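Student: structure for the following, please:
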Amino acid sequence: MEFIGITGGIGAGKSTVLSLLKENFNCKVLLADEVAAELMTPGHTCFAQVVALPWPSSILNEKGEIDRPLMAKYMFADEKLLKEVNSIVHPAVEKEVLNQVEIERESHNIEYFFFEAALLIECGYGKLVDKMWYIYASPEVRTKRLMSSRGYTKERIENTFKVQRSDASFREHCDVVIDNSGTKADTLNQLKINLSQEKVDEGQARE
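Tutor: Numbering: from 1, shown residues only. Below is the predicted model of the structure:
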């Protein structure tokens, strides 16, 4: 089983790629955001630790759950809080992901385990995954997608692009580039080619 990390900038179409992977290959797909959200529900250690941080006011809603939009508002207004949340959540997410990878390796039920995270490189997953994939789309395509799907203005998109990792940096840290600027058929073809190569590489490594 290959453990493959998936990353890329906003608007690159990572969700589309993940859907194509789930529909066409024997794999499991896990998203960092979903793992983090689960770990911050009542009953998990992360929940108690995050709630106990010095927030300006309680981040719990009337159900006793974390109000994610309110938490995000406070986090991004206070760099210290942001770092403290990340220091709690990121290691917990990594532990849970590696635990699930180990379970899948032992079960021998799937060929690929894909883990998607916007901050895959920043969090050091390059040392943990077998390969890192960068989902690329041209700035023009990303802009059209963000304006259409999220209603972003061009100014907001430009500002977002400026603070995200550059194309050159993504390419420097990743082993494979999937160009998702075209049609789904084009992207699927690239996925098939790269995963076929993964099988060849894995077979050679065993010899």
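Student: show me where pLDDT drops low in the chain?
Tutor: The model of the chain has pLDDT under 70 over residues 199-207.
Student: ranges for the strands of it?
Tutor: Along the chain, the stretches classed as strands by DSSP state E are 2-7, 27-31, 112-116, 131-136, 176-179.
Student: and stretch 157-177, which residues are buried?
Tutor: 157, 161, 165, 167, 170, 173, 174, 176, 177 (16 or more other Cβ atoms under 10 Å). Using the backbone N, CA and C atoms, a C-beta is placed for each residue, glycine as well.
Student: which one of those is nearest to residue 193?
Tutor: Nearest to residue 193 among the buried residues of stretch 157-177: residue 176, at 9.9 Å, using Cβ to Cβ.
Student: how much space between that closest one and residue 155?
Tutor: 33 Å (Cβ to Cβ, to the nearest Å).
Student: likewise for residue 103?
Tutor: Taking Cβ to Cβ, one finds residue 103 at 45 Å from residue 155.
Student: ok, residue 113 - contacts?
Tutor: 1, 2, 3, 4, 27, 28, 30, 100, 101, 104 (Cβ atoms under 8 Å, 6 or more residues apart in numbering).
Student: can you pull out the helices in this structure?
Tutor: 14-24, 32-39, 45-51, 68-75, 79-107, 139-149, 154-163, 167-173, 184-206 (DSSP state H).
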